[in-house]
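J.: Predicted model and sequence below, questions to follow.
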Amino acid sequence: MERRERFARIILNGFESYFADFQNITLAARTRFENADWLGVQRTSTERIDLYKEKVRKVLVFVRLVAGDQLTNPDFWRDAKRVYADLVRGHNNFEIAETFFNSVYCAVFDHEQIREEFAFVFSPQADMPTSDVSKVLRSYHVTPECDFRAAFDRLLDDYAFAIPYEDKARDVAHIVDAVRTLLVPPRMDLSGNAVHMEVLEHHFFRNKGAYIVGRICAGEHRMPFVLPVLHNEAGAVYVDTVLFGADRVSVVFSFTRTYFMVDASIPSQYVIFLQQLMPAKPISEIYSAMGYNKHGKTYYHRCARRHMEMTSDQFIIAPGIKGMVMSVFTLPSYDFVFKIIKDRFTPPKEMTREQVKEKYRLVKRWDRAGRMADTQEFSNLAFARDRFSDELMEELYKVAPSLIEERGRALIIKHVYVERRMTPLNLYLQDATDDQVEDVMDEYGNAIKQLASANIFPGDMLLKNFGVTRHGRVVFYDYDEIVPLTECNFREIPKPRNEAEEMASQPWYSVAPNDIFPEEFRLFFSGNRRAREAFDSRHSDIYQASFWQDLQEKIRGGFVASFYPYRRRLSFPREPAALRQTG
């Protein structure tokens, strides 16, 4: 067998090994849910994220051996890519297999010399396989003989677990009431149409929930829905609510949440169906939401390239207060921002570039609880130099000259993070109505508390470090000071013992590096009375050291918080069906 073919087959075998191990970790999610093994859920979620790099590293050992002195020869890679393209032609998951090839290539060349002739910058087959979505759907027809009650009763039977429902009749009644109230007649005309439901065949598992995803179809009308199924930790499960519409389903699959585990042997089948449910959701984010974040990155890069080719506006400095660690720029026509780490940090920040990178790695592997933006990390990313405004170029040469290089008409940025663009919270508040201020500051407090429940202390909780998504959720995106909550020492400020201490301009008490005084958090609202009053009316408990200390104790004792991708007011009441009927 020719060396290039052996080389290509080693990479493909590495991908198949990765995919099999990925599937095995995923397949055990159902049992972990049934057993309420929440610590196991957290552990295996991290293991699955780490799996990709581990497999690439193992493959590198063998490709170096086979390639020998040809390992960095572009001609060798050109031929190997052709062989690999033939090997994966018609493969059910060719798109992810091509991304794996790219990862091995980038590991060898340190993300340089990325050209179409050597790697799969674009796929020769298509962006995605032509998948038959019907093969992964279950259908439930609604007829006079089988009404919504009977259809959902059968659906819950089909999606039952090894443990019983807490009260299936109650849950079905709640779902049917929601269908009648929310869909008929205000949002969806079901009259005179053949009605059926299409549901993805496997649950989506994340954190402490399992999600059933589908849509109700009536003629030309389509209504996406999600049924969150929760464990009562007493040996039974229940349907917590039903979420209707693309917006609410999109929040379930948000870029701010940790990745799902779902048994999808051909992921593109699920991706295509989910994109039909959420047309505004980028396909790259759907791949990432299912755990294929590396291919999500590939898909994002292809879409970004196409966007740049179809537009002519210039990159500019992102609106908002400039950060002390990161410089942020964006394209007005684009829904993403680009963040680079400065060469020198504005005082009093004292850390290194590698420490900042480690914070971003931590976020990638942590449960983001719906409150931290997922990011894509790129090295040696090439842009058209003439697309950068003079003001932005001046800024980049001023704050991060070591990370930029001009090569002819190209501008190379040696390291950059990309994440979804949001409205900085401090800017959002400037034009917000009183009702919006009340709502967004409640969200801000919820974000802080949910991050803390996920064992994350944000560090710098200034309003400028949080963003507001298009769905009105508040999300944290400044990671340079985050630490595990359990590593912090929350203290009350000691009372002064005399007048001299009371009037002192500097603390009269000792302060260790990990000491945190929650009473000082009020300073985050300086100059914004409306925001502070709205926050204090709902979340003043975060000013107390005891709030944080109690949460630390729970986490150290093995507590795993529940994170809901919807407001708790949407949850169904839990009284037994018998009481509900006589009620």
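T.: That came in fine, so what should we check first? Numbers count the residues shown, from 1 in each chain.

J.: Run through this structure and note the low-pLDDT ranges.
T.: Judged against pLDDT under 70, the low-scoring parts of the chain cover residues 1, 145, 184-192, 501-502, 526, 576-583.

J.: Pick out the residue nearest the middle of it.
T.: For the chain, the residue sitting closest to the mean C-alpha position, by CA atoms, centre = their mean, is F255 at 3.2 Å.

J.: which SS class is that one?
T.: Local secondary structure at F255 is given as coil here, using DSSP: H, G, I helix; E, B strand; the rest coil.

J.: now swap in V226 and tell me
T.: For V226, the secondary structure call by three-state DSSP comes out as strand.

J.: who's in contact with the helix or strand that contains K398?
T.: Applying DSSP states H and E as the criterion places K398 in helix 390-399. Contacts to helix 390-399, defined as CB atoms under 8 Å, 6 or more residues apart in numbering, come from residues 314-317, 327, 329, 340, 342-344, 388, 403-404. Every C-beta, even on glycine, is put in place using the N, C-alpha and C of the backbone.

J.: coming back round to it: find the nearest non-adjacent residue to the residue nearest to the centre of the chain, please.
T.: D374 (4.7 Å; CB to CB, 6 or more residues apart in numbering).

J.: What does that neighbour show for phi and psi?
T.: As for D374, its main-chain torsions (degrees, to the nearest 10) stand at phi -70, psi 150.

J.: cool, D110 as well?
T.: Per-residue torsions, D110: phi 50, psi 40 (degrees, to the nearest 10).

J.: Pull the contacting residues for the nearest residue to it once chain neighbours are set aside.
T.: Using CB to CB, 6+ apart and skipping the chain neighbours, the partner closest in space to D110 is S379 (7.2 Å). The neighbourhood of S379, defined by CB under 8 Å, 6+ apart, consists of C106, D110, H111, K414, H415.

J.: what's the neighbour count on the second one?
T.: So the one you mean is D110. As a burial measure, D110 scores 9 neighbours (other CB atoms under 10 Å).

J.: Can you tell me how far it is from S453?
T.: Taken as CB to CB, to the nearest Å, the spacing of D110 relative to S453 amounts to 39 Å.

J.: Return the distance of the helix or strand containing D86 from the chain's centre.
T.: Here D86, judged by DSSP H and E, is contained in helix 74-88. Mean-position distance between helix 74-88 and its chain equals 33 Å (CA atoms, centre = their mean, to the nearest Å).

J.: Counting neighbours, what do you get for E166?
T.: Counted with other CB under 10 Å, the burial measure for E166 works out to 18 neighbours.

J.: What of I25?
T.: Neighbouring residues of I25 were enumerated by other CB under 10 Å; the total is 15.

J.: Please apply the same query to the one 10 residues further on.
T.: When neighbours are counted by other CB under 10 Å, N35 registers 13.

J.: Dihedrals phi and psi, it?
T.: Torsion angles at N35 (phi, psi; degrees, to the nearest 10) stand at phi -90, psi 0.

J.: So that it lines up with my notes, have the first residue be 14 from now on.
T.: That works, and once the first residue is 14, the last one we named lands at N48.

J.: Against E246, how distant is it?
T.: For N48, the distance to E246 (CB to CB) stands at 10 Å.

J.: what does E47 give?
T.: According to CB to CB, E47 and E246 sit 11 Å apart.

J.: who's more crowded, the two?
T.: More neighbours sit around E47 than around the other of E47 and E246, counting by other CB under 10 Å; the figures are 15 against 10.

J.: Need the phi and psi values for that one.
T.: The phi/psi pair for E47 (degrees, to the nearest 10) is phi -60, psi -30.
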